[in-house]
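Novice: coords please:
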Amino acid sequence: MHRLGSAVSWSHHQPTETPWATDAAALTLSIRVNSLRATDALLGWQDDQSAWVTQLAVVSSPSGHCLVLSLTLDSRRAPLQLDAPLDAIGRDQPHEITLRHLGYRLELLIDGVLVDEEWPADLRLLLPGAINVPGDAVTQVELWNRALQDDEVRELCGSLVAMPERYLGPERTIAQGWRPRGFNVNVGDCMPYWHEGRWHLFYLRDRRHHGSMWGCGGHQWAHASTTDLRHWDEHPLAVPIGPESHGSNCTGSVFWHAGVHHAFYTVRQFDGSPAPLCLSTSRNGIDFTPHGPLLTLREPYDGPSGRDPVVFRHDDQFHLLLTTSLNSAPGAPGCLARLVSDDLHHWEQCEPFFIPGPDYPGQPECPDYFAWNGWYYLFFSVEGVAHYRTSRQPLGPWQSPDTDTLDDPMARVMKTAAFGPHRRLGVAFVRDGEQWGGSLRLRELVQHPDGTLTTTWPAELPPNP
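Specialist: Reported below is the predicted structural model:
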């Protein structure tokens, strides 16, 4: 079989003593195995103290055996891990295992199928010295100091190339309890949006229950839309993690103005520095272009925790709310900061918009603001549970209903959007046990004459049987 020209290669027939150390900012590592029956290291590299710094192994876990690729980066943080369950990919047949490093994203592919991904804080992997191949499962290893293209990866696989359905299963229609197809992937915070007859579901595509990126989540804005809640179109990532990113994309919101869809979000930084408020825009609501950071919160607000922007318009001025803490107040209470703008690009910091008070510990996350039938509503979540306030005035004062929650505690950080001229839908994720991230839940809001709210199942999306 023809193999692409590679910088370094190893095989049982022609082992090499060439050092595998590389300083390339991008690379591709290809590993051919005859089976995955072993339950130990398949190959790896060790440091001067004989400790594994990069290793491919089959390991046993409570959920079964997994293929695990553990990678140490030159920052010497805890290793990143990419993995796939053997029950899904098969143990007894040969596989082409590919690690592709694009300089900002790591991808694990099995027979050409993307099964896992991670995002390093730095760029370079550690492959020091000579390769260590302790068993006979590995038959061929090759290294390129560049990221191979998709067609080149398929060429590597040859007859082993597989369709995604083989390992990831079929695509499922969005419904109650839905989650993205694949391993280690979940629905995170949801950001619904209604525009010209179409209901858009933006959501944080979560990896490892917020565990990717060393706990930053590796979050990207995924996107699907519908006109009837029964038939859905899935779209490209609206806000991906790209080469210019330095962290994980947080929850935000989309606002329509002057023929443009404006997506506002912040980016959680690896080093704990203030999270910049960012903007991406789109003419068609599908293809978004990033515009870079707009600002970071200043005192008296806590800049590193600034996140979850939501925008609304009042008195010919745009208002933006951000989750944060008020550092100048005793105990630095959680609050919603308010900023104002005339053009959605240049923002002026103002006094806090809302402070929940001592009965709501922590910060009010994932705010939502909307007007409905003469009432104004402010949503916020504390420890994942959504609460709401009502007012007859656009900027408050805000009143707390006797029961200020809307759903059971397993449904996290509900946010809402109109669905047609008279209906409003809420959307949340149902977490997996005590972990962050899970599956999708959609609810319909019911408004009572006194402005209070309850929820029910949308007729188009009943609960799972």
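Novice: Of all the residues in the biggest helix by length in the chain, which ones are buried?
Specialist: When the chain is parsed with DSSP state H, its longest helix is helix 150-157. Using 16 or more other Cβ atoms under 10 Å as the test for burial, helix 150-157 gives 152-157. For the C-beta atoms, the positions are set from N, CA and C on the backbone; glycine is no exception.
Novice: Reformat those residues as CSV; add distance to residue 253 and pLDDT.
Specialist: Below are those laid out as CSV (distance: Cβ to Cβ, whole Å; pLDDT from 0 to 100):
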residue, distance to residue 253, pLDDT
152, 39, 95
153, 37, 96
154, 39, 95
155, 43, 94
156, 42, 93
157, 41, 96
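Novice: Including distance to residue 96, could the residues you listed go into TSV?
Specialist: TSV is the format used below for the buried residues of helix 150-157 (distance: Cβ to Cβ, whole Å):
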residue	distance to residue 96
152	12
153	8
154	10
155	10
156	6
157	4
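Novice: Tell me which other helices or strands the longest helix of the chain touches.
Specialist: With contacts taken as 3 or more Cβ pairs under 8 Å, 6 or more residues apart in numbering; DSSP states H and E, helix 150-157 sits against strand 95-101.
Novice: Mind listing the strands the strand it packs on pairs with, and their directions?
Specialist: Take DSSP bridges as the rule and strand 95-101 pairs in its sheet with strand 27-33 (antiparallel), strand 106-110 (antiparallel).
Novice: between it and helix 150-157, how many degrees?
Specialist: With axes from the mean of the first three to the mean of the last three Cα atoms, to 10 degrees applied, the angle from strand 95-101 to helix 150-157 works out at 150 degrees.
Novice: about what we covered before: residue 120: which of the buried residues of helix 150-157 is nearest?
Specialist: Minimum distance to residue 120 across these is 19.8 Å, recorded for residue 153 (Cβ to Cβ).
Novice: What's the separation between the one residue sitting closest to the centre of the chain and residue 249?
Specialist: The centroid of the chain falls nearest to residue 219 when counting by Cα atoms, centre = their mean (2.1 Å). Residue 219 is 5 Å from residue 249, where distance means Cβ to Cβ, to the nearest Å.
Novice: The stretch 51-200 of the chain: helices as residue ranges?
Specialist: Assigned by DSSP state H, counting those that start in this stretch, the helices in the stretch 51-200 of the chain fall at 86-89, 150-157, 164-168.
Novice: What residue spans form the domains of the chain?
Specialist: Following automatic domain parsing, one finds the domains of the chain at 8-168, 185-456.
Novice: so how far is the first residue of the last one from its last?
Specialist: Here the two ends of domain 185-456 are set 27 Å apart, with distance taken as Cα to Cα, to the nearest Å.
Novice: and what of stretch 398-418?
Specialist: Per Cα to Cα, stretch 398-418 runs 21 Å from first to last residue.
Novice: need the contact list for the closest residue to residue 237 other than its chain neighbours.
Specialist: Closest residue in space to residue 237, ignoring its immediate chain neighbours: residue 220 at 5.2 Å, by Cβ to Cβ, 6 or more residues apart in numbering. For residue 220, the contacting residues are 204-205, 237, 239-241, 249, by Cβ atoms under 8 Å, 6 or more residues apart in numbering.
Novice: Neighbour-wise, which one of the residues you listed leads?
Specialist: Most neighbours among the contacts of residue 220, by other Cβ atoms under 10 Å: residue 204, with 29 neighbours.
Novice: Please confirm that it is located within a strand.
Specialist: Yes: secondary structure of residue 204 (DSSP: H, G, I helix; E, B strand; the rest coil): part of a strand.
Novice: now the longest helix of the chain: how far from the chain's centre is it?
Specialist: Using Cα atoms, centre = their mean, to the nearest Å, the distance from the centre of helix 150-157 to the centre of the chain it belongs to is 27 Å.
Novice: How about residues contacting it?
Specialist: Contacts of helix 150-157 with the rest of the structure, by Cβ under 8 Å, 6+ apart, involve 2-4, 28, 30, 96, 98, 100, 109, 111-112, 148, 161.
Novice: Low-confidence regions, this protein specifically.
Specialist: Counting by pLDDT under 70, the chain has low-confidence residues at 1-3, 5-7, 13-24, 74-77, 121-126, 128, 246.
Novice: can you give me the strands in the stretch 151-300 of the chain?
Specialist: Secondary structure of the stretch 151-300 of the chain, counting by DSSP state E, counting those that start in this stretch: strands at 185-195, 198-207, 220-226, 232-239, 247-257, 260-269, 277-282, 289-295.
Novice: possible to save the ones you listed as CSV with distance to residue 92?
Specialist: Shown next, in CSV, are the strands of the stretch 151-300 of the chain (distance: least, Cβ to Cβ, whole Å):
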stretch, distance to residue 92
strand 185-195, 26
strand 198-207, 28
strand 220-226, 34
strand 232-239, 33
strand 247-257, 38
strand 260-269, 42
strand 277-282, 46
strand 289-295, 45
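Novice: who wins for proximity to residue 461 among these?
Specialist: Ranking these by proximity to residue 461 (Cβ to Cβ) places strand 220-226 first, at 10.0 Å.
Novice: on that earlier part again, output the domains of the chain in CSV; the columns should cover distance to residue 175.
Specialist: CSV is the format used below for those (distance: least, Cβ to Cβ, whole Å):
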stretch, distance to residue 175
domain 8-168, 18
domain 185-456, 8
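Novice: Minimum distance to residue 177: which of these has it?
Specialist: domain 185-456 (4.8 Å).
Novice: Am I right that residue 442 is in contact with residue 458?
Specialist: Yes: between residue 442 and residue 458 there is a contact under Cβ atoms under 8 Å: 6.0 Å.
Novice: Find residues that contact each of those two.
Specialist: Here residue 442 and residue 458 have 229, 425 as joint contacts, going by Cβ under 8 Å, 6+ apart.
Novice: ok, those two, which is more surrounded?
Specialist: Ranked by neighbour count (other Cβ under 10 Å), residue 442 and residue 458 place residue 442 first, with 24 against 16.
Novice: Show me what the one helix or strand the more buried one maps to is packed against.
Specialist: Using DSSP states H and E, residue 442 falls within strand 438-447. Packing partners of strand 438-447 (3+ Cβ pairs under 8 Å, 6+ apart): strand 185-195, strand 411-419, strand 423-431, strand 453-456.
Novice: Output these in a markdown table; the columns should cover distance to residue 133 and mean neighbour count.
Specialist: Output for the helices and strands packed on strand 438-447, formatted as a markdown table (distance: least, Cβ to Cβ, whole Å; neighbours: other Cβ atoms under 10 Å):
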| stretch | distance to residue 133 | mean neighbour count |
| --- | --- | --- |
| strand 185-195 | 31 | 23 |
| strand 411-419 | 45 | 24 |
| strand 423-431 | 41 | 22 |
| strand 453-456 | 57 | 16 |
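Novice: can you put those in CSV and add distance to residue 346?
Specialist: CSV is the format used below for the helices and strands packed on strand 438-447 (distance: least, Cβ to Cβ, whole Å):
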stretch, distance to residue 346
strand 185-195, 23
strand 411-419, 26
strand 423-431, 31
strand 453-456, 35
